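> Okay, structure incoming, though there's no sequence with it:
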């Protein structure tokens, strides 16, 4: 499958987001999330075609059908078209990474997020280290994300302890938490290789509506400081596509981040939590924004294929120029 065929297929798959699976058992290929777009769901799997990858949530009924033929070989059907591929084994949460949620609960109530209602327990340093040990040799990176258990400052301090504890594994460590102004320097000193601080929404007004009590402007300032410390192309920010922004607003946000040396990760909305009545962006819009992002990254001299950790290295939930 050539790149243009894959981009078209992946946009269609992300616009649906789910798959119904038949055939041989798939338990060894299923991963379950405690953060991110699949938090609290039935689980998901990674369909791969050559170097291409997409993550799909499991559903009892879906326009996407995946037939497991055995030993990971599958046939995917969408709109009557059939595509062969394989299911990838996740290490922790995704292939080739130990992607760990430190604290699967949160004191904040962002409207698109299920984590606050899950009320999961924070993992101890020993538990996190043991998780990495369980997949060591099968991973190229460690990625850490977290909610906020008590306060932003307390969560940052704990994340710094986790990073320091995991440096002994000698693989790149990426971290995505809600930051303070001191977070980039503290994570860098602890041994993190990359960071991802999420703007989530394309405009300040949308951010305020979606994430009460948090600051869009502070994150923008912290992202700029992060680029100074970690370097252009090693700082990322998730932006959700489908919160009510216009194409022009999304494009302006992409341009602004790229000019600062930040790689935007454009995440199609998963309509859950308070946004369950919203709809996912359609395939045409997903591909339109992907093409715009592709051009903006090239113009700014940013190459997501150089990313070592987290979403740009996984590319399961998002369309990542340079890796697709």
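Cool, got the structure. The model shown is predicted, which means the values in this text are computed figures rather than measured ones.

> List the buried residues for the top helix by length along the chain?
With DSSP state H applied, the helix covering the greatest number of residues in the chain is identified as helix 283-299. By neighbour count with 16 or more other CB atoms under 10 Å, helix 283-299 contains the buried residues 283, 285-290, 292-294, 296-297. C-beta coordinates here come from the backbone N, C-alpha and C atoms, glycine included.

> Likewise for stretch 105-112?
So for stretch 105-112, counting by 16+ other CB under 10 Å, buried means 105-106, 110, 112.

> what residue ranges in the stretch 1-150 of the chain are flagged as low confidence?
The stretch 1-150 of the chain contains residues with pLDDT under 70 at 33-41.

> Can you list the neighbours in contact with the helix or strand hosting residue 142?
Here residue 142 is covered by strand 141-145, with elements defined by DSSP states H and E. Taking CB atoms under 8 Å, 6 or more residues apart in numbering as the criterion, the residues outside strand 141-145 that touch it are 35-36, 96-102, 132, 159, 162-163, 166, 169, 171-177, 308-310, 313.

> Let's see that with 6 Å instead.
With CB atoms under 6 Å, 6 or more residues apart in numbering as the test, strand 141-145 has contacts from 35, 97-102, 166, 171-176, 308-310.

> same thing with stretch 160-176?
Looking at what lies outside stretch 160-176 - CB under 6 Å, 6+ apart - the contacts are 102, 125, 128-129, 132, 141-145, 186-187, 190-196, 308-310.

> ok, now which ones touch the residue sitting furthest away from the middle of the chain?
In the chain, the greatest distance from the average C-alpha position (CA atoms, centre = their mean) is reached by residue 80, at 29.1 Å. Under the criterion of CB under 6 Å, 6+ apart, residue 80 has no neighbours.

> Could you do residue 245 as well?
Each residue near residue 245 by CB under 6 Å, 6+ apart is listed here: 202, 206.

> Likewise for residue 211?
Residue 211 is in contact with residue 110, counting by CB under 6 Å, 6+ apart.

> Equivalent analysis for residue 258, please.
The contact partners of residue 258, by CB under 6 Å, 6+ apart, come to 296-297, 300.

> rerun at 8 Å
If you count contacts by CB under 8 Å, 6+ apart, residue 258 has them with 264, 296-297, 299-300, 302.

> ok, now residue 135?
Here residue 135 is in contact with 91-92, 98 (CB under 8 Å, 6+ apart).

> And residue 151, by the same measure?
When the contact criterion is CB under 8 Å, 6+ apart, the partners of residue 151 are residue 107.

> For the protein, which segments count as strands?
Along the chain, counting by DSSP state E, strands occupy 18-23, 44-49, 52-58, 64-70, 73-78, 81-88, 93-94, 97-101, 141-145, 173-176, 194-196, 235-241, 263-268.

> Figure out which of those strands is closest to residue 121.
If you check each of the strands of the chain against residue 121 by CB to CB, strand 97-101 wins as the nearest, at 10.8 Å.

> Work out the gap between the closest one and the centre of the chain.
The chain centroid and the centroid of strand 97-101 are separated by 11 Å, computed with CA atoms, centre = their mean, to the nearest Å.

> helices or strands up against that strand?
On a contact count with 3 or more CB pairs under 8 Å, 6 or more residues apart in numbering; DSSP states H and E, strand 97-101 meets helix 125-135, strand 141-145, helix 310-314.

> Report the angle between that strand and strand 141-145.
Here the directions of strand 97-101 and strand 141-145 differ by 20 degrees (axes from the mean of the first three to the mean of the last three CA atoms, to 10 degrees).

> Measure how strand 97-101 sits relative to helix 125-135, angle-wise.
Angle, strand 97-101 to helix 125-135, by the same axes, to 10 degrees: 150 degrees.
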